[in-house]
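Participant: coordinates only, sequence not included:
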């Protein structure tokens, strides 16, 4: 059987320039699953307020992120796919695409269609399921597949937050640092609006869902629950006692997002005399704006300014050999 694997990440502007950043933000923020408010309100908010007023700042952030190789999200995924093609040669042909921007899903899926594969495995590169990332990506794939004359067998890997291959790969990255050198470990995840998470909990009475102490029956569909479960599994492998680590959420746009907020947790730790912090970001398998700039630069600068001694970000999985092996296991066992 001829099999194809497509790995899809969120996306990045083509260049750290206003025109390219505007084009990327327009496509991204106008997605109905990313900002799930009434259509007209979304159009006004995104196109008349967010993009015009945040364009300069966003462009500056991407300029800080950019390297001589371009956007880390793009070049790390390209290298990852090359390594996977070498490893899986004869079993799968591996492709890379982005939900927004380039290489576009439409373009890459057209290439795959022309090769007439018997099976297609779709791997959204997000460990924890969320409607604004995973569901949006899968819906876009299905939209493009409807145009195909002949469909192969299609398998969607919706999440891998608790897969041993993923957990072990991240633990391998964490163990590159001596945890005993740090006062505390923060597991920082990308935030989501409360309303997106609470949709799974129609009977909820508090502002936020409470899926964090245990894994509830519906937990596999709850982003917050899966974030906490990922943390518990990694902490177990690292033999971290509960008092040694925290879970927090970053990249918030308002106070009505998942809490606690990473920047506020950092300030709390400082007030407790904890000045050496190790930060892990298990929502991101590839280093990007949220890891390199938000944590590695902005949070780090603020932490040191307020009396901290060291804020160390753990490198994401990127194109590491351990993650190449991990993906090979995930697609064969999922």
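Facilitator: Structure received. On a predicted model such as this, the values are computed, not experimentally measured, just so you know.
Participant: which residues sit in contact with residue 29?
Facilitator: 35, 46, 50-51 (Cβ atoms under 8 Å, 6 or more residues apart in numbering). All C-beta spots, glycine's among them, are computed from the backbone N, C-alpha and C.
Participant: do the same with residue 166
Facilitator: Residue 166 neighbours (Cβ under 8 Å, 6+ apart): 127, 160, 285, 326, 330.
Participant: and of those, the nearest to residue 11?
Facilitator: residue 285 (14.3 Å; Cβ to Cβ).
Participant: Now the closest one: closest residue in space that isn't a chain neighbour?
Facilitator: Distances taken as Cβ to Cβ, 6 or more residues apart in numbering put residue 317 closest to residue 285, at 4.7 Å, once the chain neighbours are dropped.
Participant: Can you add neighbour count, pLDDT and distance to residue 144 and give the contacts of residue 29 back as a markdown table?
Facilitator: Below are the contacts of residue 29 laid out as a markdown table (neighbours: other Cβ atoms under 10 Å; pLDDT from 0 to 100; distance: Cβ to Cβ, whole Å):
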| residue | neighbour count | pLDDT | distance to residue 144 |
| --- | --- | --- | --- |
| 35 | 19 | 94 | 22 |
| 46 | 20 | 96 | 23 |
| 50 | 17 | 96 | 27 |
| 51 | 18 | 97 | 26 |
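Participant: For residue 308, state which of the residues you listed is nearest.
Facilitator: So of the contacts of residue 29, ranked by how close each gets to residue 308 (Cβ to Cβ), first place is residue 50, at 31.5 Å.
Participant: roughly how far apart are the closest one and residue 22?
Facilitator: Residue 50 is 11 Å from residue 22, where distance means Cβ to Cβ, to the nearest Å.
Participant: How about residue 29?
Facilitator: Counting by Cβ to Cβ, the gap from residue 29 to residue 22 is 11 Å.
Participant: same thing with residue 285?
Facilitator: According to Cβ to Cβ, residue 285 and residue 22 sit 27 Å apart.
Participant: out of these two, which sits in the more crowded spot?
Facilitator: Counted by other Cβ atoms under 10 Å, residue 285 and residue 22 do not tie: residue 285 has more neighbours, with 26 against 16.
Participant: In terms of pLDDT, where does the more buried one sit?
Facilitator: You'll see residue 285 listed with a pLDDT of 98.
Participant: Run through the residues that contact it.
Facilitator: If you count contacts by Cβ under 8 Å, 6+ apart, residue 285 has them with 125-127, 166, 316-318, 323.
Participant: Report how many residues lie close to residue 234.
Facilitator: Applying other Cβ under 10 Å, we find 21 residues neighbouring residue 234.
Participant: Spit out the contact partners of it.
Facilitator: Neighbours of residue 234 in contact, by Cβ under 8 Å, 6+ apart: 167, 170-171, 174, 187, 240, 280, 282.
Participant: Strands along the chain, start to end?
Facilitator: Along the chain, counting by DSSP state E, strands occupy 3-12, 93-101, 119-124, 153-156, 184-190, 245-250, 276-280, 310-313.
Participant: and the first one with strand 184-190, angle?
Facilitator: Using axes from the mean of the first three to the mean of the last three Cα atoms, to 10 degrees, the direction of strand 3-12 lies 100 degrees away from that of strand 184-190.
Participant: Please compute how far strand 3-12 lies from its chain's middle.
Facilitator: Put simply, strand 3-12 sits 13 Å off its chain's centre (Cα atoms, centre = their mean, to the nearest Å).
Participant: just the fourth one next, same as before
Facilitator: Remark: strand 153-156 is offset 22 Å from the chain centroid, using Cα atoms, centre = their mean.
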